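S.K.: Quick one: sequence and predicted model below, then my questions.
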Amino acid sequence: MLSTREEWLQTVAQGMAPWFAELGYEMPRIRMAVGFPSTGGKGKRIGECWDARASADQTFEILIRPDLSDPIEVAAVLVHELAHAVVGLECGHKGRFAVAAKWCGLEGKMTATTPGEKFKRNVEGILQAAGPLPHARLSLAALSSGPKKQKTRLLKAECDTCGYVVRVTHKWVAEVGAPHCPVHGAMTVEGMDDDELDEVPEGEG
């Protein structure tokens, strides 16, 4: 059983190498890892291939998002990025890339391919040989930095006589008292208990 995600990705990639060889492509030197692409955790990109020219040792780099954990889905993202590396990133998602991706069994829009039945059949033996993917899905919600900042809730203050209405924060009512109607004086504040209002100083007119 493979102990790291990188070993698993390399093993699966090696199993896919003959697919590209049938099209006349040789697998270049590639490093593969699980990690967020350059668009970060909030972006929609689920995989990314960096050109070898960006690497100090001229090695392609493939990243696959850590919030993916289904082996078939991960393998489908991997073969998509491998296709970029073997045909050249200058192709984008057209031409030689599209031919290679479809040959490997990917379907749908080439910028967001999905695993077709051909891919699932062909990758089954490769995944069995690689064994379980040593990875647990990361929850993006759990990665958020602390609880969401609570929005300030405005309380409604209304004059019981004429219906004049203003909005005020709990903080101001607690510190200086309820607002006053310019004609009839003290106003009723909704959302504050009588005990709370008893504790605050009398508002100025």
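M.R.: Structure's in. What do you need? Numbers count the residues shown, from 1 in each chain.
S.K.: okay, CA-based contacts and neighbour counts for the rest of this
M.R.: Noted.
S.K.: residues of stretch 2-18 that come out buried?
M.R.: Buried positions in stretch 2-18, judged by neighbour count with 16 or more other CA atoms under 10 Å: 5-13, 15-17.
S.K.: Next step: these restricted to helices.
M.R.: Using DSSP state H, 5-13, 15-17 are the members of those that sit in helices.
S.K.: Can you give the domain ranges for the chain?
M.R.: 5-130, 154-199 (automatic domain parsing).
S.K.: quick one on the thing from earlier: tell me the one among the ones in helices among the buried residues of stretch 2-18 nearest to Gly24.
M.R.: Ala17 (10.6 Å; CA to CA).
S.K.: surely Trp19 meets Cys104?
M.R.: Yes: using CA atoms under 8 Å, Trp19 makes contact with Cys104 at a distance of 6.6 Å.
S.K.: what about the two, which has more around it?
M.R.: Cys104 (23 against 17; other CA atoms under 10 Å).
S.K.: what's the residue lying closest to the more buried one once chain neighbours are set aside in contact with, if anything?
M.R.: Distances taken as CA to CA, 6 or more residues apart in numbering place Phe119 nearest to Cys104, at 6.0 Å, with adjacent residues excluded. Contacts for Phe119 (CA atoms under 8 Å, 6 or more residues apart in numbering) come out as 76, 104-106.
S.K.: for the chain, what spans make up the strands?
M.R.: Remark: strands assigned in the chain by DSSP state E are 30-34, 47-50, 60-64, 106-107, 114-115, 154-158, 165-169, 180-181, 185-186, 188-189.
S.K.: Which among those is found nearest to Lys94?
M.R.: Per CA to CA, nearest to Lys94 of the strands of the chain: strand 106-107, 13.4 Å.
S.K.: Who are the packing partners of the closest one?
M.R.: Counting contacts by 3 or more CA pairs under 8 Å, 6 or more residues apart in numbering; DSSP states H and E, strand 106-107 packs against strand 114-115.
S.K.: Bridged to Ala157, which residues?
M.R.: Beta-bridge partners recorded for Ala157 (DSSP bridges): Val166, Val189.
S.K.: I'd like the distance between it and Leu89.
M.R.: According to CA to CA, to the nearest Å, Ala157 stands 62 Å off from Leu89.
S.K.: Look at the two and report which has more neighbours.
M.R.: Ala157 (24 against 16).
S.K.: Contact partners for the more buried one?
M.R.: 165-168, 178-179, 187-190.
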